[in-house]
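Enquirer: Mind looking at a prediction? Sequence and model below.
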Amino acid sequence: MKAAVFAYSRQGCKTARRVMAALPEGEVRAYTMARFEEPGFAPIERPSRSFYGPVFQWADAMVFVGSAGIAVREIAPFVKDKRTDPAVISMDELGHFVIPLLSGHIGGANELARKLAEVLDATPVITTATDINRKFSVDAWAARQGLAITNMAEAKAVSAAILEHPVPLVSRFPIRTELPAGVVEGACGETGICISHLREKPFAHTLLLVPPVLRLGLGCRRGTPVEKLREAVDLVLQEHNIHPKAIGQAASIDLKSDEEGLLAFCRERELPAVFYAAEQLRAVPGTFTASPRVQAVTGVDNVCERAAMVGAENLLVKKTVHGGVTVAVAMTNWEVHFE
């Protein structure tokens, strides 16, 4: 976690040191007013917009040790989207109360506030409706699990509905724990949750949550432009109704580790690119679409299917060729667990 801690008095600096000691491992930057500066603290600079803006963009969490009003004023110009805004917490300089102000669920501010309050023997002041009513916070859970929330409006609709009545849930993956409060298994209802790697909408208002459980295997000719890879992959995903957010990794043979078009595609889609040696691909168990030409060039009978299946359980899409690009898709083992 990248965290920034701000203090506005000498007592605030003392409390800030306790906060820093309680924060999860990661990079922590501490700031205070120039007249209170001490070892470990950098000065809060002016003008405020120029100072707080870059910190807001950098941090995963911002903790203001001072009045809530200070925190609100300083972050106000930069608040944009709960999916990307950092967790923002305010606490008084004596460390009596810990108040999550922004990104309580997706950003983890509520959870962090509880942790800090426990360590500092403080009182967490949580105001989100699902939390105070002890109902399931779907966006917070999805964020912790690494699931893509495909529509924030539907997430809001589910959070509102769950306060009034049980919300149905459909899952393409096995559910291994009891369902949380306010959620029932089923496909009947106006508003519901669907956990799937596919583009689907079982409810009139469907919150589709997509786990990154698929691995994309790629092969291409030398010098293939990124446009060709983009076109081939999108075609395969559309043909099989696969949601793009379900792709968690792209893989190929190490001969392609410097293939600019393939690397550019992975950068565009924000996918980690993994490259395997021929002997690693040959060791993958299973029956694959063999090609003598690919065998002669790479030393392995198939690149895309084998690369997709490294560490995966099921080959969903066999080798598909489009514009000189070969594409395969495999699924890893994944289960639904509610804490």
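Expert: That came through fine.
Enquirer: C-alpha from now on. contacts and neighbour counts both.
Expert: Fine.
Enquirer: so how far does stretch 50-64 reach from one end to the other?
Expert: Length of stretch 50-64, first residue to last, Cα to Cα, to the nearest Å: 17 Å.
Enquirer: ok, and what's touching that stretch?
Expert: For stretch 50-64, the surrounding residues in contact (Cα atoms under 8 Å, 6 or more residues apart in numbering) are 1-7, 44-45, 70-71, 74-75, 78, 85-91, 107, 109.
Enquirer: what's the spacing between the least confident helix or strand in the chain by mean pLDDT and its chain's center?
Expert: Least confident helix or strand, the chain: helix 129-132 with a mean of 81, by mean pLDDT, DSSP states H and E. Helix 129-132 sits 22 Å away from the centroid of its parent chain (Cα atoms, centre = their mean, to the nearest Å).
Enquirer: Can you give me the buried ones in that helix?
Expert: Across helix 129-132, burial judged by 16 or more other Cα atoms under 10 Å covers Thr130.
Enquirer: Starting from that helix, tell me the next helix or strand along the chain.
Expert: Counting by DSSP states H and E, the element after helix 129-132 in chain order, helix or strand, is helix 138-145.
Enquirer: elements contacting the helix or strand following that following helix?
Expert: Following helix 138-145 in sequence order, the next helix or strand is strand 148-149 (DSSP H and E). With contacts defined as 3 or more Cα pairs under 8 Å, 6 or more residues apart in numbering; DSSP states H and E, the packing partners of strand 148-149 are helix 138-145, strand 205-210.
Enquirer: Deepest-packed of these, please.
Expert: strand 205-210 (a mean of 24; mean count of other Cα atoms under 10 Å).
Enquirer: which residues of the stretch 1-150 of the chain fall in helices?
Expert: Assigned by DSSP state H, counting those that start in this stretch, the helices in the stretch 1-150 of the chain fall at 10-22, 48-58, 68-75, 109-120, 129-132, 138-145.
Enquirer: and Gly223, which of those is closest to it?
Expert: Each of the helices of the stretch 1-150 of the chain has some distance to Gly223 by Cα to Cα; the shortest is helix 48-58, at 35.7 Å.
Enquirer: returning to that earlier point: just the buried ones from the contacts of stretch 50-64?
Expert: 2-7, 44, 71, 74-75, 85-91, 107, 109.
Enquirer: Can I get stretch 233-243 in CSV, CA atoms only?
Expert: The C-alpha trace of stretch 233-243 is given here as CSV (Å, rounded to 0.1, in the frame of the first residue of the first chain):
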residue,chain,number,x,y,z
VAL,A,233,-8.5,-11.3,-29.9
ASP,A,234,-11.7,-9.2,-30.0
LEU,A,235,-13.1,-11.5,-32.6
VAL,A,236,-12.5,-14.6,-30.5
LEU,A,237,-14.0,-13.0,-27.4
GLN,A,238,-17.1,-11.8,-29.3
GLU,A,239,-17.6,-15.3,-30.9
HIS,A,240,-17.5,-17.0,-27.5
ASN,A,241,-19.3,-14.2,-25.6
ILE,A,242,-16.3,-13.8,-23.2
HIS,A,243,-16.1,-10.6,-21.2
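Enquirer: hmm, back to that, could you dump the helices and strands packed on strand 148-149 into CSV with mean pLDDT and distance to Val63 added?
Expert: Shown next, in CSV, are the helices and strands packed on strand 148-149 (pLDDT from 0 to 100; distance: least, Cα to Cα, whole Å):
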stretch, mean pLDDT, distance to Val63
helix 138-145, 91, 19
strand 205-210, 96, 30
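Enquirer: okay if I get those as TSV plus distance to Gln249?
Expert: Below are the helices and strands packed on strand 148-149 laid out as TSV (distance: least, Cα to Cα, whole Å):
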stretch	distance to Gln249
helix 138-145	17
strand 205-210	14
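Enquirer: on that earlier part again, quick one: contacts of the least confident helix or strand of the chain?
Expert: Ile126, Phe136, Ser137, Ser159, Ile162, Leu163.
Enquirer: now, among the residues you listed, which is nearest to Ala117?
Expert: Ile126 (11.2 Å).
Enquirer: mind checking how far that closest one is from Glu111?
Expert: 10 Å.
Enquirer: and if you look at Ala68?
Expert: Ala68 is 18 Å from Glu111, by Cα to Cα.
Enquirer: now Ile253
Expert: From Ile253 to Glu111 the distance is 41 Å (Cα to Cα).
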